[in-house]
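Asks: Provide a 3D model corresponding to the input given below.
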Amino acid sequence: MWRWVLAGAAGLALGTWSAWALAGGQLGDGGSTIRIGQWSANTLVGSKAADPWTRAATARVGLLALPRSETVYFDRTRDEAGQPIDPNCTYRLAGAELPARWWSVTLYDDDQMLARNADDAHAIDASSVAVGPDRRWEAVVGPAADGAASWISTGATRAPLLMVRLYQPAAPDDASLAALPLPTLNRVSCAVEAAR
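Replies: Numbers count the residues shown, from 1 in each chain. Modelled structure (predicted):
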C-alpha cells in the first residue's frame, strides 16, 4: 500500500516539476519558433495545435493569446549586438511599417508585466509613431525620452523584454512571417559608460 502512495506522490511531484521546468516562465519552443535576428515567435501560441508545454507556458505568463490569424507575437530580450537589454541604457528602435491591420511594440519586465513607472510610455503603435516618406519610423527605448517624439520607457524595469504584436497580419503563414521587416534595436548610450 505504501509503495503505491509513494509512487503516486513521486509521479505527481515529477509531473509538476517537469511542467514547471519546461514552461520555464517563457513561451516554449514547441518546435515552431520563427527567428528574425533577435526577435522570436512561437507560432503555436494561440493555436489548437499547441503542445501541452506551450499551453502551460502561455497560461503561466497569463498571455491571452488570440489565434495566429488574428495576432502574432514576436519578442526579444537582446539588442542587435546580442547583449541583454539594459534598462539604464538608451536604444534606437527603428523599423518600417509592418504588414498588419495594426501593430504595437510594448516593453515588459521579467515578471511579464508592464514596468511599474509613472511616465506612461510603455508602448508605441501604428498610430503613435511618425512615419517618414520612406515608410520608416524610429523610437527611443530607454530611461528618458531624450527629446524623441516616440519613446518606450525602461524606467523601473529589471530585465526588459520587447514584444511586437501584429494584429491581423497580412499573411500569417510561416514563410511570410519569417520574412517580416521587424525593427532593429541598437544601443546608443549607457549611463554606466557615461559615468566612467
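Asks: so, low pLDDT: which residues of the chain?
Replies: Across the chain, the ranges flagged by pLDDT under 70 are 4-31, 44-68, 192-196.
Asks: and Trp151, how many neighbours does it have?
Replies: Applying other CB atoms under 10 Å, we find 20 other residues in the vicinity of Trp151. Glycine gets a C-beta too; all of them are placed from N, C-alpha and C.
Asks: grab the nearest non-local neighbour of it.
Replies: Here the nearest residue to Trp151 in space, its sequence neighbours aside, is Ala145; by CB to CB, 6 or more residues apart in numbering that works out to 4.0 Å.
Asks: in contact with that neighbour, which residues?
Replies: With contact set as CB atoms under 8 Å, 6 or more residues apart in numbering, Ala145 has these partners: 121, 151, 153.
Asks: that's a strand at Ala175, yeah?
Replies: No: counting by DSSP: H, G, I helix; E, B strand; the rest coil, Ala175 falls outside a strand, being helix.
Asks: what's the spacing between it and Ser150?
Replies: Ala175 is 30 Å from Ser150, where distance means CB to CB, to the nearest Å.
Asks: do the same with Glu138
Replies: From Glu138 across to Ser150, the span is 7 Å (CB to CB).
Asks: spit out the residues that contact the two alike.
Replies: Common neighbours of Glu138 and Ser150 (criterion: CB under 8 Å, 6+ apart): Val129.
Asks: what ranges do the strands span in this protein?
Replies: For the chain, the strands defined by DSSP state E occupy 33-36, 39-42, 71-76, 89-96, 100-108, 123-125, 136-142, 151-153, 161-169, 184-190.
Asks: those strands: which one's closest to Gln83?
Replies: Checking the strands of the chain against Gln83 by CB to CB gives strand 184-190 as the closest, at 7.2 Å.
Asks: elements contacting the closest one?
Replies: Applying 3 or more CB pairs under 8 Å, 6 or more residues apart in numbering; DSSP states H and E, we find strand 184-190 packed against strand 89-96.
Asks: quick one: the strand it packs on to strand 100-108, angle?
Replies: Orientation note: strand 89-96 sits at an angle of 170 degrees relative to strand 100-108 (axes from the mean of the first three to the mean of the last three CA atoms, to 10 degrees).
Asks: ok, strand 89-96: who's next to it in the sheet?
Replies: strand 136-142 (antiparallel), strand 184-190 (antiparallel) (DSSP bridges).
Asks: which non-adjacent residue is nearest Arg76?
Replies: Gln38 (4.4 Å).
Asks: so who does the one you found touch?
Replies: Gln38 makes contact with 76-80, 82, 185, according to CB under 8 Å, 6+ apart.
Asks: on that earlier part again, which of the contacts of Ala145 sits closest to Tyr167?
Replies: Of all the contacts of Ala145, the one sitting nearest Tyr167 is Ala121; the distance, using CB to CB, is 20.7 Å.
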